[in-house]
Every structure is written in C-alpha cells, then in structure tokens.
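Engineer: Predicted structure and sequence below. I'll ask about it afterward.
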Amino acid sequence: MCWSELPAVLLEEEYSKLTYKQRYYCSMVCRPWYDLFYSSKVWEHFVMGERTLTRRRMRPYRNSYMYTLSQYKAKMCLDRVGEFFKKIIIKPISDYYNLYAFMTVLSAFLEFYEEYPMPFLHGFMQMFMSLQKLIISPQHLSSDVIAMLASTSLTDIHIVQDRHTDGVAPINSQTWFEVKQMSPHLQVRLEARGGTREEILFQPRAPVTSIVYDSPYLKMTPEAVMMITDHYRKTLRLYAQKGFPRTHGSRSFHERCDGLVLMLVRQCPELRVLIIRERISSMTLLLVASQAKKLQKFYVRHNAVLKKTDWPKTLEWSDEYYADLKKKTQSYELLQKEISRCMGYPWKHLTDKEFEKLKI
C-alpha cells in the first residue's frame, strides 16, 4: 500500500505530527492531501512558539535581523484553520511584542461572529416535516440545535458516540428542561459504539429512555450508575450491553456488577428491558426478577452466570426467605423456573450465539 492509498484517518494522524511548514508542503502534493490540510482533526491543537507566524525584519542602524509577528500570516492562519482550534498552547516567548500582537489578532477573531452562521439549517429541517427519528453524534449538538429540533415532529433522537468522539461538553440542564416543555413526547437514546473506551456522555436532565453500550471495552461503573439514577430514574426504560466484553471479568462479589445492577433496577422503576453481558451471580438474577415490577425483558449470557449465593443476609430478609433464595439459586432449573414465574413467561439463559443475535 502506497501513501496515496492510506485511509484519511491515518493521514490525519501523520499530518498532526508535522510542523506547520511541512503540512503546507504536503498540501501541494495532490488534491486529496490539499483537502486533508483543512481537516479539523489536524488542527485541534495549535502551538504558538518563538517564531510561529513571524517574519524576518532588519533592525535599523544594526547589521542584524529580528523576528516580528506577521499580522498578515496570523490573520490568514486564523481565517483558514482557526475554526478548528480546540486548544491553543502558547510557549514562553522572549519578545513580549510578538505575544501582544498575536493576542490582539486572536481577540479580534474571537469577538467577530455571524448572527446567522447557518442560514439554511432551519430550512433544511423544515423540508422533512414528517421526520420522527434522528441519529446524530454529540459534537454536532448545541443548545440552539436541540431547541430547534424540539420544535419539529421528531419523537426519537439517538445520540451516538464512537472512538472519534472526544472533547465534547454536554448540553446544559436548563436547555433540556425547556426542550421537555416544548416537546413532551421527545425521547432520547444514548449509545456508545465502535470500540470506544470513553464512558457515555450523559446529558443532564434529558428525557433519556434508552442507554446502550455497544463497545466491548465498556463496563458498568458506580459513577455511571449514579449519573443514570440521578438524572433518568423516572424516564429510563431500556439499559443494554450488546456484544461480548473484552475487559477483565472478576469472580469476586465486590468487583462484579451485581450490586450496581440491583441498584439500577431499584432506582429506575420504569425499566422495561435489561440486557447484561458481564458476569453476574444467579442470586442477583433472582433478586432482579423479583424486585423489578415493570421489567418485561431480561437477557443474560449463560456463560456469564455464576452459580453463587454471595449476597449477605439483610435485616429485611427472614431466615426462611434467605434459605429459599439460596436453595433456588443452586440449580439452573429451579432458577429459571422461579424467574419465569416472576417474569410471567418462560425465561432462560441465552447462549453466546443467541445473545449475539439480540436486536434492540
């Protein structure tokens, strides 16, 4: 494979490691490399050094040169690629004037704004008056976009993030409160897919009804469960972990997800669908089925179920009840029979092939 056949993702990584002059020379090789020069991924981090955007100038009455900031270069740089900057790093500069001149040009660009930066966006959405479902990534969302979407006929918004999603801030809770007032039937689904290792970007106070983990590197964590129970306890109806995990699954009770699953079920009474791929004990399954009153579908992997009764006895449980729990969780047949009674339909563990074919 030659350089011209490399995927754009790899070329972006190589471009980001080059100096600014080298990027310019590469952009003159061919048209695809020229287009790649203006990729947002390449210019996420801008480093202002001693001689960045400077020009050589003759010192009066001396046979020497000095390097001063070229305002023309600074303006061209900010005008062409300044919109892609996410972080500006200013290294120590000996000439204070160069730093002052750069900050002056930068502040002028930051103060300038367009009153209608996307004049055709509203018209674009109005062309699809019957649109009911929209799949979008979080970096394309803002308070204005969410407010505009709430005024349409949309009923489902899927916010999907992958391994290319980074450095995105959630929409503030006040905006989501106003959206729920404008569109009470709007439902939001948060999903992480594509091998990402970053936790789902939770939207505070959003009308989230579904949370889906479709990345093998993510597992249930106390921080995530606390966020879910704090913000979505009245709206959450589906929690799913798709596929197979590629993380270490401990057999220890204190390192497994048993307590987190039971907490999620207790704190989210509207939960209808629960799909767990991590290791979990048979006793936890029985507790979930007996305490989740509105749970309609409950899926677990047979190879991930541990035949254990490691829950300690609580003050709420009588000796007879605790002994009955231990008895029914020591046998897969008794366990499936009791969970089927609680769920109201024949219930069983899923094989890996059956679990892989699950569709949400």
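Structural biologist: That came through, no problem. Just so it is clear, the model here is predicted, and its values are computed rather than measured. Numbers count the residues shown, from 1 in each chain.

Engineer: tell me the domain ranges of the protein?
Structural biologist: Residue ranges for the domains of the chain, per automatic domain parsing: 3-111, 125-356.

Engineer: Highest mean neighbour count out of those domains?
Structural biologist: domain 125-356 (a mean of 16; mean count of other CB atoms under 10 Å). Where C-beta positions appear, they are placed from N, C-alpha and C, glycine not excepted.

Engineer: Give me the packing partners of the strand or helix carrying residue 290, helices and strands only.
Structural biologist: Using DSSP states H and E, residue 290 sits within helix 282-291. For helix 282-291, the packing partners by 3 or more CB pairs under 8 Å, 6 or more residues apart in numbering; DSSP states H and E come out as helix 258-267, strand 297-300, strand 305-306, helix 319-328, helix 332-343.

Engineer: For the third one, give me every contacting residue.
Structural biologist: For strand 305-306, the external contacting residues (CB atoms under 8 Å, 6 or more residues apart in numbering) are 251, 279-282, 285, 332, 349.

Engineer: Assign a three-state SS to the nearest residue to residue 28 once chain neighbours are set aside, would you?
Structural biologist: Nearest in space to residue 28, with sequence neighbours left out and distances taken as CB to CB, 6 or more residues apart in numbering, is residue 34 at 7.2 Å. Following DSSP: H, G, I helix; E, B strand; the rest coil, residue 34 is assigned to helix.

Engineer: how much space is there between residue 34 and residue 208?
Structural biologist: 42 Å (CB to CB, to the nearest Å).

Engineer: so where's the stretch 1-150 of the chain shaky on pLDDT?
Structural biologist: Applying pLDDT under 70 to the stretch 1-150 of the chain flags the ranges 1-4, 61, 112-127.

Engineer: run the last query once more with 80
Structural biologist: In the predicted model of the stretch 1-150 of the chain, residues 1-8, 59-64, 110-130 satisfy pLDDT under 80.

Engineer: which residue ranges form the strands in it?
Structural biologist: 45-48, 54-58, 65-69, 87-90, 133-136 (DSSP state E, counting those that start in this stretch).

Engineer: Which strands or helices does the last one pack on?
Structural biologist: With contacts defined as 3+ CB pairs under 8 Å, 6+ apart, the secondary structure elements packing on strand 133-136 are strand 156-161.

Engineer: Please tell me how far the strand it packs on is from the chain's geometric centre.
Structural biologist: Averaging C-alpha positions (CA atoms, centre = their mean, to the nearest Å) puts strand 156-161 10 Å from its chain's average.

Engineer: and if you look at stretch 348-356?
Structural biologist: Mean C-alpha position of stretch 348-356 versus that of the full chain (CA atoms, centre = their mean) differs by 27 Å.
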